[in-house]
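[1] attaching a predicted model along with its sequence, questions to come.
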Amino acid sequence: MSDLRALLPTRRVETWKYSDLRAALADAELPAARTELRAASIIAQLAPGVTETQAITGDQVIEERFEGEGLEARAADYVVAPGARLTRIVMQTGAGTPLSLATVKLGAGAEYRQFVLAQGGKLARFETHVNAEGADAKVALNGLYMAADGQHADLTSTVTHQSTGGVTRQLVKGVARKGGRGVFQGKIVVERGAQQTDARQHHQALLLEEGAEVFAKPELMINADDVSCAHGNTVGALDMGALFYMRSRGLPETEARALLTEAFLAEAIPDWLSDDLASEARARIQVWLLGRVT
Amino acid sequence: MLEVKDLRVKVGEAEILKGLTLSVPAGEVHAIMGPNGSGKSTLAYSLAGRDGYEVVGGNAALNGENLLDLTADERAAKGLFLSFQYPVEIPGVPMMTFLRAALNAQKKARGEPEMTSAAFLKRIREVAAALKAPEEMLRRPLNVGFSGGEKKRMEILQMAMLEPRFAILDETDSGLDIDALKAVADGVNALRGPDRGMLVITHYQRLLDYIKPDRVHVLARGRIVASGGPQLAHELEREGYDKYLKAA
């Protein structure tokens, strides 16, 4: 029998503080522990097979879908060649335990763009670690989560700038209903030699009802002196002034709320996303909002 | 048309309106003038149904129907419109999307057929052209980054599209230069008609040079303390509100 269960993180592990994986997988069938993976992240250990490094050249797009109802763990490791670009899109629906780990290394002038739409599950976690090793590397991380009653959505990322002239743009937006939980953990590290780094991180969440939870842990660690970095993090409710304004023009409350919430979330859909995927993302937001409006 | 009787409204612990009585017949435009803090905006918000404005006495009816039991959107569907002193920015929602949703929600509430996109588009283009509002503005998120004048123009554009039976204009002149003021006043005047009433709330007489009221009321310390013809506005401009504040 597997002893992988013993390796599952408890909530005492800092990076899993808000996502109780051990509890979420209490009844799940787990793969056997493999000695060769002992040092790897728990998601890599849970993922089938051994994670192989994929070399990215040119301009590549990877689309991933998580639709399962059970445990679905995937780990990927990308090395993006100098000047190349990787675009990764993750669409998560379903109510299972999707766990995703992406590790990305960027060469000089390379670019990584990512969009994650997470509808949450028993426990849904999307972990992204970008190491911008080369100079002038560009990173765009967009994320959108919607946690309904009993759903848990966790977007965790680190971006490390090791070289000069790097750019990071991170925008994550989320909503939670009563009994739903959203987690955002975003760390940006600017190392000593990474002068002229330009990094921005924004996370905004709306608590749609009493009893909704969002945990946010934004971190900016700057060890260079000639950089431009900014971050902002807000968790709040819908703007009552805007809501009254819309209602005074005739929109019933549920409709006004849905329109405002949709607009709020849609800002996280990046303009580089294909039209098809952008419409799909919008449609998923609308269905989510309508499906659960009382 | 609009009948307000002995209206008393609390905001938090403070009673702001202390027995306000006002009657605006159909086809007339009445002005409410008063110093800062007299309760002008409280009257506007109370009539429109904003949360936090607690009616503790009196009543308000539009065409004989009690407004105070209705939610803000139900009042809108009954034909009440409030042009905001500070129109709210609505990020991510284009003006057109918003207005079409609002118009059709009102029609739905009244049991009328919804307006088709084609008819809506035709109508909004006509209205925008009359108000000299560039069509490009209609595709931008509502009020986001608009100047004071543009926001007020958008308010009047919404009013023209929604065709309310009764409109309350709260400090529509604030923040407007003379050209914007004229454009907004022209828009309002075009909507005057025998079946529509309006209440124009203003601190200054200036707006009333362009929107000529049938009656002028002075609001001080939560009550109407004087009413008269248009000449009352000029008198206030000359003499100020002091004598009413002392009397009230």
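    Yep, it's here. Numbering: from 1, shown residues only, chains lettered A, B, ... in the order given.

[2] kindly confirm my reading that residue A:160 is in a strand.
    Yes - secondary structure of residue A:160, determined by DSSP: H, G, I helix; E, B strand; the rest coil: located in a strand.

[3] surely it touches residue A:128?
    No - distance between residue A:160 and residue A:128: 11.7 Å, which falls outside the contact criterion (Cβ atoms under 8 Å). Bear in mind the C-beta positions are built from the backbone N, C-alpha and C, glycine included.

[4] which one's more surrounded, these two?
    Between residue A:160 and residue A:128, counted using other Cβ atoms under 10 Å in any protein chain shown, residue A:128 has the larger neighbour count: 24 against 21.

[5] helix or strand for that one, which one?
    Using DSSP states H and E, residue A:128 sits in strand A:124-132.

[6] right, and the helix or strand after that strand?
    Taking DSSP H and E as the definition, the helix or strand that follows strand A:124-132 towards the C-terminus is strand A:138-147.

[7] now that following strand and strand A:124-132, what's the angle there?
    Using axes from the mean of the first three to the mean of the last three Cα atoms, to 10 degrees, the direction of strand A:138-147 lies 170 degrees away from that of strand A:124-132.

[8] is chain B contacted by strand A:138-147?
    No - using Cβ under 8 Å from any Cβ of the partner chain as the criterion, no contacts between strand A:138-147 and chain B are found, and the smallest distance is 12.9 Å.

[9] give me the buried positions along stretch B:233-248.
    B:233, B:236, B:241, B:244, B:248 (16 or more other Cβ atoms under 10 Å in any protein chain shown).

[10] elements contacting the helix or strand of chain B with the lowest mean pLDDT?
    Taking mean pLDDT, DSSP states H and E as the measure, the helices and strands of chain B show their lowest mean at helix B:242-247, namely a mean of 78. Contacts of helix B:242-247 with other secondary structure elements, assessed using 3 or more Cβ pairs under 8 Å, 6 or more residues apart in numbering or on different chains; DSSP states H and E, are made with strand B:215-220, strand B:223-228.

[11] tell me which other helices or strands the strand holding residue A:128 touches.
    Helices and strands touching strand A:124-132, by 3+ Cβ pairs under 8 Å, 6+ apart, are strand A:85-92, strand A:97-106, strand A:111-118, strand A:138-147, strand A:152-161.

[12] relative orientation of that strand and strand A:85-92 in degrees?
    Using the same axes, to 10 degrees, one finds that strand A:124-132 and strand A:85-92 are set 170 degrees apart in direction.

[13] strands paired with strand A:124-132, and their directions?
    Each strand paired with strand A:124-132, and its direction, by DSSP bridges: strand A:97-106 (parallel), strand A:152-161 (parallel).

[14] dump the ones you listed into CSV; add mean pLDDT as well.
    Below are the strands paired with strand A:124-132 laid out as CSV (pLDDT from 0 to 100):
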stretch, mean pLDDT
strand A:97-106, 97
strand A:152-161, 98
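
[15] any chance of the ones you listed in CSV, plus distance to residue A:173?
    As requested, the strands paired with strand A:124-132 are arranged in CSV below (distance: least, Cβ to Cβ, whole Å):
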stretch, distance to residue A:173
strand A:97-106, 19
strand A:152-161, 10
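
[16] taking the stretch 1-150 of chain A, what residue is nearest to chain B?
    Among the residues of the stretch 1-150 of chain A, residue A:144 lies closest to chain B, at 12.9 Å counting by Cβ to the nearest Cβ.

[17] in terms of pLDDT, where does that residue sit?
    Here, the pLDDT recorded for residue A:144 equals 98.

[18] before we move on, back to that, which among the buried residues of stretch B:233-248 gets closest to chain A?
    Using Cβ to the nearest Cβ, residue B:233 is the member of these that lies nearest chain A, at 26.9 Å.

[19] TSV for the helices and strands packed on strand A:124-132, including distance to residue B:25?
    Formatted as TSV, the entries for the helices and strands packed on strand A:124-132 read as follows, by distance: least, Cβ to Cβ, whole Å:
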stretch	distance to residue B:25
strand A:85-92	59
strand A:97-106	65
strand A:111-118	55
strand A:138-147	51
strand A:152-161	57
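
[20] how about residues contacting stretch A:22-32?
    For stretch A:22-32, contacts defined as Cβ atoms under 8 Å, 6 or more residues apart in numbering or on different chains pick out A:1-5, A:8-11, A:45-46, A:48, A:70-71, A:97, A:122-123, A:152.

[21] would you put the C-alpha positions of it in CSV?
    Extracted as CSV, the C-alpha positions of stretch A:22-32 are listed here (Å, rounded to 0.1, in the frame of the first residue of the first chain):
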residue,chain,number,x,y,z
ARG,A,22,-4.7,16.1,3.4
ALA,A,23,-8.4,16.6,4.2
ALA,A,24,-9.5,16.9,0.6
LEU,A,25,-7.8,13.6,-0.3
ALA,A,26,-8.8,11.8,2.8
ASP,A,27,-11.0,9.3,0.8
ALA,A,28,-9.0,9.4,-2.5
GLU,A,29,-7.0,6.5,-3.9
LEU,A,30,-3.4,7.7,-4.1
PRO,A,31,-0.5,6.4,-6.1
ALA,A,32,2.4,4.6,-4.5
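
[22] doesn't residue A:23 lie inside a helix?
    Yes - secondary structure of residue A:23, determined by three-state DSSP: located in a helix.

[23] now it: how far from residue A:47?
    From residue A:23 across to residue A:47, the span is 20 Å (Cβ to Cβ, to the nearest Å).

[24] so these two - more neighbours on which side?
    Regarding residue A:23 and residue A:47, a neighbour count based on other Cβ under 10 Å identifies residue A:47 as having more, with 21 against 13.

[25] where's the closest residue to chain B within chain A relative to residue A:246, distance?
    For chain A and chain B, the shortest gap (Cβ to the nearest Cβ) falls at residue A:263, measuring 2.8 Å. Summarising the geometry, the distance separating residue A:263 from residue A:246, computed by Cβ to Cβ, is 11 Å.

[26] now stretch B:128-147: buried residues?
    By neighbour count with 16+ other Cβ under 10 Å, stretch B:128-147 contains the buried residues B:128, B:131, B:133, B:137, B:138, B:140, B:141, B:142, B:143, B:146.

[27] quick one, strands of the stretch 151-294 of chain A?
    Under the criterion DSSP state E, counting those that start in this stretch, strands of the stretch 151-294 of chain A are mapped to A:152-161, A:167-176, A:181-190, A:198-207, A:213-222, A:228-236.

[28] redo these as JSON lines? Include distance to residue B:161.
    JSON lines is the format used below for the strands of the stretch 151-294 of chain A (distance: least, Cβ to Cβ, whole Å):
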{"stretch": "strand A:152-161", "distance to residue B:161": "39"}
{"stretch": "strand A:167-176", "distance to residue B:161": "30"}
{"stretch": "strand A:181-190", "distance to residue B:161": "38"}
{"stretch": "strand A:198-207", "distance to residue B:161": "29"}
{"stretch": "strand A:213-222", "distance to residue B:161": "37"}
{"stretch": "strand A:228-236", "distance to residue B:161": "31"}
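
[29] before we move on, the earlier item: pretty sure residue B:91 is one of the things the residue of chain A closest to chain B touches, is it not?
    Yes - taking contact to mean Cβ under 8 Å, the distance of 6.2 Å between residue A:263 and residue B:91 places them in contact.

[30] these two: who's more crowded?
    Between residue A:263 and residue B:91, residue A:263 has the larger neighbour count (other Cβ under 10 Å), namely 20 against 16.
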